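Trainee: I would like the atomic coordinates for the input below:
(chains A, B, C and D)
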Protein chains: 2
Amino acid sequence: MGRWERTHEALAQAALELFAEHGYDATATAQIAERAGVSEMTLFRHFSTKEALLLEDPYNPLIAAAVRSRPPGEPVMRTLVESIRQAWSRIDTEDATALRARLRIVAEATTLRGAVERNSGATVAALIDALADRGVAATEARVAATAVIAGLGVALLEWARSDRITLDTALDQALMVLGGA
Amino acid sequence: MGRWERTHEALAQAALELFAEHGYDATATAQIAERAGVSEMTLFRHFSTKEALLLEDPYNPLIAAAVRSRPPGEPVMRTLVESIRQAWSRIDTEDATALRARLRIVAEATTLRGAVERNSGATVAALIDALADRGVAATEARVAATAVIAGLGVALLEWARSDRITLDTALDQALMVLGGA
DNA sequence: CCCAGAAAAGTTAGTGACTAACATTGTGGC
DNA sequence: GCCACAATGTTAGTCACTAACTTTTCTGGG
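Mentor: The predicted structure follows:
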């Protein structure tokens, strides 16, 4: 692990801790840099925005693969819903708790409303690509992908907040609704 | 029209002009205040954020009314899609051009990705209320409403950018996709 | 007409995210 | 060890937005 990766990790770690302790808004980027033992400027060289410190997961390209395996001629929304169901079917408990910790922070920060959607642009783009291979027009693909990802984001946030539902059932319910049931 | 409304309007007007001239990001709030003949502080007393200068339309409560008129037991996504179709069926050309002008600015500003969604929270809330009257659970309602509004937003942006499609057809296509066709 | 009192706007000083330009220090390949 | 370059530091700034406080402008009752 080179120097770059080490400070990168240190920054992400420090950010998570501080956000959990004092909340997102109440944590200054200067603090994060300090705890990571680094200057503020360096922080912004590693993460282009404060948001990125929280939301820098590479989201599953698994979904895109699943899209390509769906039967042809299927309605777009259904394709997406089923693909997500497939891709997320096996998320270990470990990842789930980590995800929950992050989403809790998002759920509590007013400033971050919409940050998830903005950040999921990469996921949407991947989905559009996969749909294009199936002959779906770009605009329709973008509409459907954005809608599904937005809906999914809401479901995940509610799951993270509630503490009463498993990730699986939360996803199932959301995908059912999005699929038109 | 009292003093408050006059400066309010002057600010919104100045913002639109400057955004159209130089783009959203390249326009400082200080400039807007100056053109409106007012201090920067006053600007923020009228509009809580820079975004609000662009996105301060009261979105149709018509949609919520339409939701309540749909047949019971209908799938949620279908209810929403049909309600929107109903509510937006008669938008005059005048409103359409104004809308287009605003959306063009949004489409060109990277910073504003997600701003529309964040701002449409009120619309989503209204839809959730209307759906609650029909016995739809809160989480499901939120998932569906967020998804539909997000998808709709994408369609509107593409329409504003393209210049080749009418608002009606853009909406039709999007709603069809969202409805599961 | 005048003069409280409130509504609207101004002033000043600051915070916090982010950027630009340039100087400095570590690190890995030869 | 040396050298190129990657990684970090420093400084000084811009811009959105806030807080505390003062001043101007309107408005209605005597």
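Trainee: Just confirm A:Ala132 contacts A:Thr139, I think it does.
Mentor: No: the criterion here is C-beta atoms under 8 Å, and A:Ala132 misses it with A:Thr139 at 11.3 Å. The C-beta positions use only the backbone N, C-alpha and C, and glycine is treated the same way.
Trainee: Sketch out the low-pLDDT regions of chain A for me.
Mentor: A:58-59 (pLDDT under 70).
Trainee: most remote residue from it's center?
Mentor: A:Gly73 (28.3 Å; C-alpha atoms, centre = their mean).
Trainee: Kindly provide the distance from that one to A:Gly135.
Mentor: Going from A:Gly73 to A:Gly135 by C-beta to C-beta, to the nearest Å gives 9 Å.
Trainee: Pull out the buried positions in stretch A:50-62.
Mentor: A:Lys50, A:Glu51, A:Leu53, A:Leu54, A:Leu55, A:Tyr59, A:Asn60, A:Leu62 (16 or more other C-beta atoms under 10 Å in any protein chain shown).
Trainee: hmm, it touching chain B?
Mentor: No: against chain B, stretch A:50-62 shows no contacts by C-beta under 8 Å from any C-beta of the partner chain, the least distance being 10.2 Å.
Trainee: hmm, that stretch in reach of DNA strand D?
Mentor: No: Stretch A:50-62 does not reach DNA strand D (C-beta under 7 Å from any atom of the strand); its nearest approach is 13.3 Å.
Trainee: what distance separates the start and the end of that stretch?
Mentor: 27 Å (C-alpha to C-alpha, to the nearest Å).
Trainee: Contacts for that stretch, please.
Mentor: A:11-12, A:15-16, A:19, A:24, A:29, A:32, A:47, A:87-88, A:102, A:105-106, A:112, A:115-116, A:118-120, A:122-123, A:126 (C-beta atoms under 8 Å, 6 or more residues apart in numbering or on different chains).
Trainee: Now intersect those with the helices, please.
Mentor: With DSSP state H as the criterion, helices contain A:11-12, A:15-16, A:19, A:29, A:32, A:87, A:102, A:105-106, A:115-116, A:118-119, A:122-123, A:126 from among those.
Trainee: among the residues you listed, which are within reach of chain B?
Mentor: Restricting those to those near chain B - C-beta under 8 Å from any C-beta - leaves A:Ala115, A:Arg118.
Trainee: What's the end-to-end length of stretch A:19-36?
Mentor: 14 Å.
Trainee: near DNA strand C, which residues of chain A?
Mentor: With C-beta under 7 Å from any atom of the strand as the criterion, chain A comes near DNA strand C at residues A:2-3, A:27-30, A:40-41, A:44, A:48-51.
Trainee: that older thread, helix, strand or coil for the residue farthest from the centre of chain A?
Mentor: Of the three states, A:Gly73 takes coil under DSSP: H, G, I helix; E, B strand; the rest coil.
Trainee: That one and B:Glu117, how far apart?
Mentor: From A:Gly73 to B:Glu117 the distance is 31 Å (C-beta to C-beta).
Trainee: quick one on the thing from earlier: columns distance to A:Thr7 and secondary structure on top of the buried residues of stretch A:50-62, output as TSV?
Mentor: Shown next, in TSV, are those (distance: C-beta to C-beta, whole Å; DSSP: H, G, I helix; E, B strand; the rest coil):
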residue	distance to A:Thr7	secondary structure
A:Lys50	17	coil
A:Glu51	19	coil
A:Leu53	13	helix
A:Leu54	17	helix
A:Leu55	19	helix
A:Tyr59	24	coil
A:Asn60	26	coil
A:Leu62	29	helix
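Trainee: before we move on, the earlier item: of the contacts of stretch A:50-62, just the buried ones, ChimeraX syntax please.
Mentor: Burial among these is assessed by 16+ other C-beta under 10 Å; the matching ChimeraX selection reads:
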select /A:11,12,15,16,19,24,29,32,47,87,88,102,105,106,112,115,116,118,119,120,123,126
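Trainee: hang on, the earlier thing: which of the buried residues of stretch A:50-62 lies closest to chain B?
Mentor: A:Glu51 (10.2 Å; C-beta to the nearest C-beta).
Trainee: May I have the phi/psi pair for the closest one?
Mentor: Here is the backbone geometry of A:Glu51 (degrees, to the nearest 10): phi -60, psi -40.
Trainee: For it, give its distance to A:Ser120.
Mentor: Taking C-beta to C-beta, one finds A:Glu51 at 12 Å from A:Ser120.
Trainee: repeat for A:Glu34
Mentor: 30 Å.
Trainee: My understanding was that A:Gly153 contacts A:Ser120; is that so?
Mentor: Yes: between A:Gly153 and A:Ser120 a contact is recorded at 6.8 Å, counting by C-beta under 8 Å.
Trainee: sorry, back to before: pick out the most distant pair among the buried residues of stretch A:50-62.
Mentor: A:Lys50 and A:Leu62 (28.1 Å; C-beta to C-beta).
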